[in-house]
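Asker: have a look; sequence and predicted model below, questions after that.
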Amino acid sequence: MRNRLLCALWAGCLAATLGGCGPHAQRGGPPLDLEETRFRSNLRALTADDLEGRRPGTPGGQKTVDYLTAQFHKFGLKPANGDNYVQQVPLAEIRTDSDPTLSVEGGRGALLPLRQGTDMVLWTPRTTSTAALAHSDLVFVGYGIVAHEYHWDDYAGVDVRGKTVLVLLGDPGYGSRNPGIFKGLVLSAYGGWSYKIEEAEHHGAAGVLLIHDPGTLGFGWNAVRNTWMGGHLELASAAAHPDRPAIEGWLTGAAGRALFSQATLDYGALVTAAARPGFKALSMGLKVSGELHTEVRRFDSPNVIGVLPGSGHRHEYVVYCAHWDGLGRDPSGAVLSGAVADASGVAGLLLLAQSFGHTRPPPDRSIVFVAFTAGEPDLLGSRFYVENPVIPLDQTAGAIDLDALRFGGRTRDVVIFGSGNSELEESVRAVALLQGREVRPEPHPEQGLYYSSDDINFARHGVPALYVKAGVDDAARGPQYGLTQWDEYMAQRYRQPGDKYSEDADIAGAIEDLALYRQVGDHLAATRRFPRWYPDSEFSEGHSRAESGD
């Protein structure tokens with residue numbers, strides 16, 4: 001009841017603010033020009049073959065940056081970084097040779113060496129020419145989580161310094177299917193691969209091996225191979241630390257289970273135990289040896305940032321963001337154009353920038369448009385931005401991430417990923433109501449998409465951030481069709497050559513979502529109070545949010 005009342009109140013405010021209730025209304029100005037033809041034009045440009053998958057540090061990446069800066073200038077946006085549209089992000093690319101080795105001894109005998117790309121994908125975060133493990137003890141640490149608020153510590157009572165840890169994806173809530181453990185079926189912040197690697201590093205592990213699980217990740221082994229075999233990117237400052245793990249990587253589910261079999265351990269029983277309170281890490285009685293050789297290249301790659309100055313409180317900001325980069329090419333040389341992830345988000349960013357640029361008078365607060373570099377796969381560009389903000393974070397009212405817009409028709413529903421965090425969500429519900437849609441739960445909460453999008457870096461630094469997308473209830477064909485289409489995309493095209501733009505693509509759903517983002521941002525730019533975190537949000541503690549007066 002409370003949410004319905006809030007939505008009704010916010011809907012009334014939005015209608016007054018925007019001068020109408022339709023998705024193409026705009027306060028005191030012309031209709032919103034969120035046109036399919038312009039969106040398609042942006043998509044064609046961003047997925048063109050000569051951009052070669054938009055990988056940072058390549059000629060195609062530079063062409064992408066040139067295109068974005070030219071568009072920002074054309075739309076009348078001001079440079080955000082002094083007189084420059086770009087913020088350079090220092091990166092290190094650590095490219096592994098084609099044939100790294102990894103072997104395991106002990107238990108039932110020597111396991112056959114694992115093959116790069118087929119059984120494993122290895123890399124090193126170190127900027128050295130050679131990285132190696134020599135007879136490193138293998139320790140199964142379950143989910144590899146230390147979470148005091150959940151009274152959970154998978155590293156309690158075990159010393160993994162100099163050893164190699166074997167880690168499950170996800171977290172114990174999903175693994176146990178117990179709603180009383182962590183967040184139940186909804187992935188917590190502790191379920192992502194980046195967290196697990198960082199926690200292992202914190203405990204001094206020399207190696208980290210993640211067991212691939214498509215059910216938790218949402219994508220298959222081809223996507224893993226295409227993402228992590230093309231040269232590992234690190235922020236240059238992080239890559240300079242010599243005490244990071246020597247080798248990190250993924251194992252296929254079959255390779256991971258084979259290690260338990262070699263150690264004469266019951267894989268199923270230990271996975272079940274790892275999801276229960278009181279689990280203790282286990283030395284598997286196996287020794288891991290491996291070596292890889294690398295080529296290291298250091299370069300700068302830009303975040304591209306433009307600002308539409310506000311008409312009143314121009315030193316307060318609303319941020320729209322997407323990451324411009326892609327993966328380049330897959331190991332076979334095929335271009336990974338990443339039409340949905342994330343050319344669609346950048347195409348939408350440009351369309352919104354053009355739309356806001358037509359607003360007369362401009363919004364009260366300034367609107368910031370950020371195209372991040374190095375979003376694939378570890379959100380490096382947005383991490384660098386929030387640690388070195390061009391726009392003050394304490395004067396940023398909120399951020400809206402446009403990652404991976406819908407290719408398909410309109411939907412009856414909207415999904416707020418990572419819901420339950422801030423008052424921004426009330427604005428989404430109100431705008432969705434005006435569009436004749438309703439907010440529904442995530443179709444795959446175990447995948448934790450909020451934690452793998454650029455919005456998470458804003459949230460961790462105190463800025464309420466939204467990741468909102470069309471749901472799966474296709475307006476013409478229903479929810480089962482929409483869910484099947486999403487699952488098929490993740491399994492067959494995500495981070496694969498099949499994620500490409502076609503003139504036959506239905507983009508009505510993307511345009512409808514862009515209208516929603518436009519209205520949410522317009523209202524956020526007009527209201528005087530900064531949105532608050534909900535008291536029970538994981539991001540609410542320890543953050544001081546600005547409260548502005550008239």
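Answerer: Alright, I've got the coordinates. Numbers count the residues shown, from 1 in each chain.
Asker: which regions of the stretch 1-150 of the chain sit below the pLDDT cut-off?
Answerer: The model of the stretch 1-150 of the chain has pLDDT under 70 over residues 1-33.
Asker: residues near residue 58, how many?
Answerer: 19 (other Cβ atoms under 10 Å). To be clear about C-beta, it is placed using only N, CA and C from the backbone, and glycine gets the same treatment.
Asker: flag every buried residue along the helix or strand where residue 295 lies.
Answerer: Using DSSP states H and E, residue 295 falls within strand 282-308. By 16 or more other Cβ atoms under 10 Å, the buried positions in strand 282-308 come out as 282, 284, 286-294, 296, 301-308.
Asker: same deal with stretch 169-177?
Answerer: For stretch 169-177, burial by neighbour count (16+ other Cβ under 10 Å) applies to 169, 170, 171, 172, 173, 174, 175, 176.
Asker: what ranges do the strands span in the stretch 351-500 of the chain?
Answerer: Applying DSSP state E, counting those that start in this stretch to the stretch 351-500 of the chain gives strands spanning 366-372, 396-401, 413-416, 438-440, 465-470.
Asker: among these, which is nearest residue 129?
Answerer: Shortest distance between residue 129 and the strands of the stretch 351-500 of the chain, using Cβ to Cβ, is found for strand 366-372: 29.7 Å.
Asker: quick check: which ranges of this structure have low pLDDT?
Answerer: 1-33, 541-550.
Asker: again, 90 this time
Answerer: By pLDDT under 90, the weakly predicted segments of the chain are 1-35, 97-99, 108-113, 215-216, 230, 238-243, 358-360, 540-550.
Asker: list the contacts of the residue nearest the centre of it.
Answerer: Nearest to the mean C-alpha position of the chain, by Cα atoms, centre = their mean, lies residue 453 at 2.0 Å. The contact partners of residue 453, taken as Cβ atoms under 8 Å, 6 or more residues apart in numbering, are 379, 401, 403, 417, 467.
Asker: how close does it sit to residue 539?
Answerer: Separation of residue 453 from residue 539 (Cβ to Cβ, to the nearest Å): 14 Å.
Asker: could you do residue 114 as well?
Answerer: In this view, residue 114 and residue 539 are 39 Å apart by Cβ to Cβ.
Asker: could you do residue 241 as well?
Answerer: Distance, residue 241 to residue 539, using Cβ to Cβ: 27 Å.
Asker: so which of the two has more stuff around it?
Answerer: residue 539 (21 against 12).
Asker: from the buried residues of stretch 169-177, which ones fall inside helices?
Answerer: The helices, defined by DSSP state H, take in 172, 173, 174, 175, 176 from these.
Asker: my guess is the first one contacts residue 183. True?
Answerer: It refers to residue 172. No - using Cβ atoms under 8 Å, residue 172 is not in contact with residue 183; the gap is 10.0 Å.
Asker: tell me, how many residues neighbour the residue nearest to residue 454 when sequence neighbours are not counted?
Answerer: Leaving aside its sequence neighbours, residue 454 sits nearest to residue 382 (Cβ to Cβ, 6 or more residues apart in numbering; 3.9 Å). Residue 382 has 28 neighbouring residues, counting by other Cβ under 10 Å.
Asker: do the same with residue 93
Answerer: The local packing of residue 93 (other Cβ under 10 Å) involves 24 other residues.
Asker: what helix or strand is it located in?
Answerer: Judged by DSSP H and E, residue 93 forms part of strand 86-96.
Asker: partner strands of that strand, with direction?
Answerer: Within its sheet, strand 86-96 is paired with strand 232-235 (antiparallel), strand 282-308 (antiparallel), according to DSSP bridges.
Asker: tell me the SS of residue 320?
Answerer: strand (DSSP: H, G, I helix; E, B strand; the rest coil).
Asker: tell me the spacing between it and residue 172.
Answerer: Going from residue 320 to residue 172 by Cβ to Cβ gives 35 Å.
Asker: grab the longest helix from the protein for me.
Answerer: The chain, longest helix under DSSP H: helix 508-526.
Asker: which strands or helices does that helix pack on?
Answerer: helix 2-18, helix 36-46, strand 317-323, helix 345-357, strand 366-372, strand 396-401, helix 424-434, strand 465-470 (3 or more Cβ pairs under 8 Å, 6 or more residues apart in numbering; DSSP states H and E).
Asker: the next helix or strand after the third one pairs with which strands, parallel or anti?
Answerer: Read that as strand 317-323. Per DSSP H and E, the first helix or strand lying C-terminal to strand 317-323 is strand 328-329. Strand 328-329 has its sheet partners listed here by DSSP bridges as strand 335-336 (antiparallel).
Asker: just how off-centre is the longest helix of the chain within its chain?
Answerer: Relative to the chain's own centre, helix 508-526 is displaced by 20 Å; criterion: Cα atoms, centre = their mean, to the nearest Å.
Asker: report the buried residues of it.
Answerer: Buried residues in helix 508-526, counted by 16+ other Cβ under 10 Å: 508-526.
Asker: nearest residue to residue 238 other than its sequence neighbours?
Answerer: residue 125 (7.2 Å).
Asker: the one you found and residue 242 touch, don't they?
Answerer: No - the criterion here is Cβ under 8 Å, and residue 125 misses it with residue 242 at 10.4 Å.
Asker: now do the strand holding residue 93: distance to the chain's middle.
Answerer: The answer for strand 86-96 is 18 Å, by Cα atoms, centre = their mean.
Asker: for that strand, C-alpha coordinates in CSV please.
Answerer: Coordinates of each C-alpha in strand 86-96 appear next as CSV, following Å, rounded to 0.1, in the frame of the first residue of the first chain:
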residue,chain,number,x,y,z
VAL,A,86,38.1,12.9,-21.9
GLN,A,87,39.4,11.6,-18.6
GLN,A,88,42.4,9.4,-19.2
VAL,A,89,42.4,6.1,-17.4
PRO,A,90,45.9,4.5,-17.0
LEU,A,91,45.6,0.8,-17.9
ALA,A,92,47.9,-2.2,-18.1
GLU,A,93,47.1,-4.9,-20.6
ILE,A,94,48.7,-8.3,-19.7
ARG,A,95,48.5,-10.6,-22.6
THR,A,96,49.1,-14.3,-21.9
